[in-house]
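Novice: using only what follows, build the 3D model:
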Amino acid sequence: MSKEILAPMPGKIIEILVKEGDQVEEDQELLVLEAMKMENVIATEHSGKVAEIKVKVDDTVNTNQVLIVLK
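Specialist: Residues are numbered from 1 along each chain as shown. A predicted model of the protein is given here:
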């Protein structure tokens, strides 16, 4: 069963801290989203393996856009 990591707010991706194939643990930081001139670290609520990263640095994202898929 896959889990999707969604953008909590609109903003710009400024750093991606994992790569596809990485094993991640609950509460691990995955990426940094800049919104309203503040850096917001996006972490996972689930452990799993990074199956797909759907964004890249400098992408602008919308609220609830899928950022990363975990398996």
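Novice: need the contact list for Gln23.
Specialist: 47-50 (CB atoms under 8 Å, 6 or more residues apart in numbering). Placement of C-beta: from N, CA and C, glycine included.
Novice: in helices, which of the residues you listed fall?
Specialist: The helices, defined by DSSP state H, take in nothing from those.
Novice: what's the closest of those to Val32?
Specialist: Val50 (15.7 Å; CB to CB).
Novice: pretty sure the closest one sits against Glu25.
Specialist: No. In this structure Val50 lies outside contact range of Glu25 using CB atoms under 8 Å: 11.8 Å.
Novice: more neighbours, those two?
Specialist: Remark: of Val50 and Glu25, Val50 carries more neighbours, 19 against 10, as counted by other CB atoms under 10 Å.
Novice: can you tell me who that one pairs with across the strands?
Specialist: On the basis of DSSP bridges, Val50 is bridged to Leu70.
Novice: what's the distance between it and Met36?
Specialist: Distance of Val50 to Met36, computed by CB to CB, to the nearest Å: 27 Å.
Novice: can you map out the strands along this structure?
Specialist: Counting by DSSP state E, one finds strands in the chain at the ranges 3-6, 11-16, 23-24, 29-35, 38-43, 48-53, 60-61, 66-70.
Novice: how about the ones you listed in CSV, adding mean pLDDT?
Specialist: Below are those laid out as CSV (pLDDT from 0 to 100):
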stretch, mean pLDDT
strand 3-6, 96
strand 11-16, 98
strand 23-24, 98
strand 29-35, 97
strand 38-43, 96
strand 48-53, 97
strand 60-61, 98
strand 66-70, 97
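Novice: picking up where we left off before, wait, which of the contacts of Gln23 is closest to Val18?
Specialist: For the contacts of Gln23, the minimum distance to Val18 (CB to CB) is 5.3 Å, reached by Val50.
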